[in-house]
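Novice: Based on what follows, work out the 3D shape:
(one chain, ligands or ions: 4)
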Amino acid sequence: MSAVGLLGEIAGVGRGRGGYSRHVFDRAEGELRAWFAERAERIGLDVETDRNGNLWAWWGTPGPDALVTGSHLDSVPGGGAFDGPLGVVSALDAVAALQAEGFRPGKPLAVLVFAEEEGGRFGVPCLGSRLLTGSIDAGKARALRDQDGVTFAEAAARAGFDPERFGRDEVALSRIGTFLELHVEQGRGLVDLGSPVAVGSTVIAHGRWRFSFSGQGNHAGATLMGDRHDPMVPAAAVVAAARRIASKVEGARATVGRLIPRPGGTNVIASTVDLWLDARVTGEDRVRPLVDEIADAAGKAAAEEGCEIRLSEESYGGTVAFDAGLREELRALLGGAPELPTGAGHDAAILSGHTRAGMLYVRNPTGISHAPEEFAEDEDVEHGARALAEALRHLST
Ligand code: HGY
Ligand code: MN
Ligand code: MN
Ligand code: MN
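Specialist: Ligands and ions are numbered 1, 2, ... in the order given. Model prediction:
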């Protein structure tokens, strides 16, 4: 059961022409949940699903101060094969390797698969870990809607869950002593450092904001330019302002990756446009001012075009620094492995506000993520799984 072999087993599940697309409670993710449960049971782990849809595979009786490792199996639309799955298959490989040498952990150990880490269907990232920790209001989560208007509560109920039970899970949280997530690097830091693995240091502050513009739908050919109230115009102003303003702020990233004009006809001036801004900055206190400046530009463009604008903050997470002691332990254990900050969000960052948490990264030679070019060489994948096994051995004695 090598990590490379396990990746091969799930390769292609949910892959379309433009990469992988697997979201909570959809068919492909459901297939991966079943695959994970079968693979975990094959190495004697006891699999259970918590009230928030997260999957736990226990080596030993669930109990306090457990050592927990894992990641997620959902993806962004058109994503790569490693973001999420690499942490899950490496955890299974590491546990199997420790078992094979007769190692017995001195504390309960679990592999944890979080639900909806990407927020690809319901818009809020790390939904499973935010619910587990109570970092999102359960009522707000239940009401989240996907592109077809299906609520998270409805989707969960169809998948056999009781949405009324969503929310902070004291029992599950009380069991976690340390959480350690292995993840493919999303950037080229390890390539530049010439190291196959690194220890995570920080996660930058980031959030998601929804801009909704409404104007007057009309005929593309019959409406003179001076008579238009086209919501695409202020929407375009957000895209341009995000690039212009964030490029001037040190450590800032601002992205509009999702924009939905309605009704969406080629010969139709849109009635409404919804877009989502993903904004992140290395300095926590600079995220909202960045968004405010972009929103100002949007407001001016909307006023000039005679369109309405509505803005809502859909998710936000502050800067996270992983547990310093754990970082030092891991670096020493891995022969002085380098530390790496990241601009990507992770469940480990959500957990770090509630338990000792840390991350390991595996080199990605392309540095690209959230796209099919995301990659990790077999030897680095195996190196990562061995590093995780060493970490689990060390942390569970
Ligand atoms: O968006 C992120 O940083 C993560 O992939 N959820
Ligand atoms: Mn991701
Ligand atoms: Mn991820
Ligand atoms: Mn016509």
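Novice: which ones are touching residue 49?
Specialist: Counting by Cβ atoms under 8 Å, 6 or more residues apart in numbering, residue 49 makes contact with 55-56. C-beta: built from backbone N, CA, C; applies to glycine.
Novice: Up against ligand 3, what does the protein have?
Specialist: 83-84 (Cβ under 5 Å from the ion).
Novice: quick one: the helices in the chain?
Specialist: Taking DSSP state H to define them, one finds helices in the chain at 3-10, 27-42, 85-100, 127-133, 138-143, 152-158, 170-175, 189-193, 232-246, 287-305, 324-333, 347-351, 378-395.
Novice: between these, which gets nearest to residue 74?
Specialist: Closest approach to residue 74 among these is made by helix 27-42 (5.4 Å; Cβ to Cβ).
Novice: now for the closest one, which elements pack on it?
Specialist: If you count contacts as 3 or more Cβ pairs under 8 Å, 6 or more residues apart in numbering; DSSP states H and E, helix 27-42 packs onto helix 3-10, strand 46-49, strand 55-59, helix 85-100, strand 109-114.
Novice: now that helix and strand 109-114, what's the angle there?
Specialist: 180 degrees (axes from the mean of the first three to the mean of the last three Cα atoms, to 10 degrees).
Novice: on that earlier part again, deepest of the helices and strands packed on helix 27-42, which one?
Specialist: Neighbour counts (mean count of other Cβ atoms under 10 Å) averaged over each of those peak at strand 109-114, with a mean of 28.
Novice: Out of the helices and strands packed on helix 27-42, which is closest to ligand 1?
Specialist: Proximity to ligand 1 (Cβ to the nearest ligand atom) singles out strand 109-114 among those, at 10.5 Å.
Novice: Okay, now the sheet partners of the closest one, with direction.
Specialist: Note on strand 109-114: by DSSP bridges, its sheet partners are strand 55-59 (antiparallel), strand 66-72 (parallel).
Novice: Need the residues that contact it.
Specialist: Counting by Cβ under 8 Å, 6+ apart, 33, 36, 40, 45, 54-60, 62, 66-73, 88, 91-92, 95, 126, 128-129, 132, 175, 179, 347, 392, 396 sit against strand 109-114.
Novice: And those, which of them are buried?
Specialist: The neighbour count (16 or more other Cβ atoms under 10 Å) marks 33, 36, 40, 45, 54-60, 66-73, 88, 91-92, 95, 126, 128-129, 132, 175, 179, 347, 392, 396 as buried among the contacts of strand 109-114.
Novice: For residue 138, give me its contacts.
Specialist: Here residue 138 is in contact with 131, 166-167 (Cβ under 8 Å, 6+ apart).
Novice: how far away is it from residue 157?
Specialist: Residue 138 sits 14 Å away from residue 157, going by Cβ to Cβ, to the nearest Å.
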